[in-house]
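Visitor: sharing a model prediction with you, sequence too.
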Amino acid sequence: MTKGIGATYDDVWLAGGVRTGFADFTSVLADISPTDLGIKVAREAYKATGLAPAETDMVVAGNMAQSSFDAYFLPRHIGLYAGVPVEVPALLVHRLCGTGFETVIQAADALTLGKAAQILCVGTESMSRNPVAAYTHRNGFKMGQVEFKDFLWEATKDTISSTSMGDTAENLARKYNISRDEVDDFAAQSFARALDSAEFRAGEMVPVVSETFALEGYNDRAIRLPKGIDSFAMDEHVRPTPRDILAKLRPAFKGVQTGGNSSAVVDGAAAALVVNGKVLRDKGLTPLARVVAADIVGVPPEIMGIGPAPAIAAVVKRAGLKLSDIDRFEINEAFGAQYLAVERELGLDRNKVNVNGGAIALGHPLGVTGVRLCITVARELKRRGLKRGIASACIGGGQGVAILLEV
């Protein structure tokens, strides 16, 4: 299955990017609006690249769950408080777990069309601030029908097939004969790799501190960390996680998936500057990577986790390459069985995939992951002196996305 939509790009560049550390659910970042996390990483991305906010032509921000009352304005506020001129438009994108990727794809498309030269891409997510919600009470409460539900939990259920996202991973486990032992082994490896790569990952993080974001003529915004915490810059979920501990956890979805071998629920944000070649040359910048191609495909909703397999196959074909030409892969570990199904389908060499740990250990802040994976795979290629990498993820509802980068 390689039918979808995509494009190749000749002169689109990932100039640079940064992210926050990822904080565990209801932990240190729990009270911070995703808008403010987005402002923080946007400001830091400009500092890291040396590019000027005033020369930005477009802001693209990704966020899945509306977790503040001013969420409608999230991309606009991120741009303005990051110093982007008031005349510059802002766009919110949403492609479920592919949302962060979509910010980069939208930027690449706009640059290719000549609509812009420098674009700010931001993914930001507060899983902790997902609301307890009711959708049917605008006209009052009927007897016996007072219903409030946990949005974060209910939103992971795909009503088209009556399957939760975890159920889709279990479907893949059955389809590909993936055992609980294999999933726990993979999860243990994800944690071990993340522990070993702490210093490398620190290079893409910026510390979150309590600070005020001022914008002349408008209200201040701010980040306020909990009392006693001066700075946060770590992937909080990463910890020693031996195989025997994982084996003791109860299944979460009546199969192989547990809380320990599924992606961690976390809060965080990431930002990148995507530019055309003229900007690079004029500024004398050394980019992180060139954006070569991107593809988005559809797959059956009940096995949505297989999405990276056809997406990766499609983007490799589009670029006129073979799978063996790819030096590194970053594939989101939504669930252990989901990743293993993709690995089997493509025949991937795991020594090339998620070599610094994946979402089981680091976490999967839904709208952030795509930006993070693009930054991480580009940095890994540079560190190792390699050439080509792919960032990819499955997408709830039955899609897959892949972006091919080259250094």
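Guide: That came through fine.
Visitor: so where is the chain shaky, pLDDT-wise?
Guide: In the predicted model of the chain, residues 1-2 satisfy pLDDT under 70.
Visitor: which residue sits farthest out from the middle of it?
Guide: For the chain, the C-alpha lying farthest from the average C-alpha position belongs to M143; by C-alpha atoms, centre = their mean, that distance is 41.9 Å.
Visitor: which element is that one on?
Guide: No secondary structure element spans M143, as it lies outside all helices and strands (assigned by DSSP states H and E).
Visitor: report the contact partners of it.
Guide: Residues in contact with M143, defined by C-beta atoms under 8 Å, 6 or more residues apart in numbering, are absent; none qualify. Yep, even glycine has a C-beta here, placed from its N, CA and C like the rest.
Visitor: what do you get for A7?
Guide: A7 is in contact with A108, D109, T112, A293, A294, R318, counting by C-beta under 8 Å, 6+ apart.
Visitor: one more time with 7 Å
Guide: With contact taken as C-beta atoms under 7 Å, 6 or more residues apart in numbering, A7 is in contact with D109, A293, A294.
Visitor: what about F148, neighbour count?
Guide: 11 (other C-beta atoms under 10 Å).
Visitor: can you tell me how far it is from V132?
Guide: Computed as C-beta to C-beta, to the nearest Å, the F148 to V132 distance reads 5 Å.
Visitor: now swap in G100 and tell me
Guide: 26 Å.
Visitor: what's the answer for H94, then?
Guide: The gap separating H94 from V132 is 21 Å, by C-beta to C-beta.
Visitor: got it, and I223?
Guide: Here the distance between I223 and V132 works out to 24 Å (C-beta to C-beta).
Visitor: and the two? Which one has more around it.
Guide: Neighbour comparison, I223 and V132: the larger count goes to I223, with 19 against 11 (by other C-beta under 10 Å).
Visitor: now that one. Its backbone dihedrals?
Guide: Per-residue torsions, I223: phi -110, psi 130 (degrees, to the nearest 10).
Visitor: now the residue lying closest to R243 once chain neighbours are set aside: which helix or strand?
Guide: Taking C-beta to C-beta, 6 or more residues apart in numbering, and ignoring the residues beside it in sequence, R243 has A188 as its nearest neighbour in space, at 4.4 Å. Using DSSP H and E, A188 falls within helix 180-196.
Visitor: again with C394
Guide: Here C394 sits within strand 388-395, counting by DSSP H and E.
Visitor: using CSV, list the CA coordinates for that strand.
Guide: As requested, C-alpha coordinates have been extracted for strand 388-395 and formatted as CSV (Å, rounded to 0.1, in the frame of the first residue of the first chain):
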residue,chain,number,x,y,z
ARG,A,388,19.9,10.2,4.7
GLY,A,389,17.2,9.7,7.4
ILE,A,390,13.5,9.3,7.6
ALA,A,391,11.1,10.5,10.3
SER,A,392,7.8,8.7,10.4
ALA,A,393,4.7,7.9,12.5
CYS,A,394,1.4,6.2,12.4
ILE,A,395,-1.7,8.3,12.7
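Visitor: direction included, what does that strand pair up with?
Guide: Take DSSP bridges as the rule and strand 388-395 pairs in its sheet with strand 328-331 (parallel), strand 399-406 (antiparallel).
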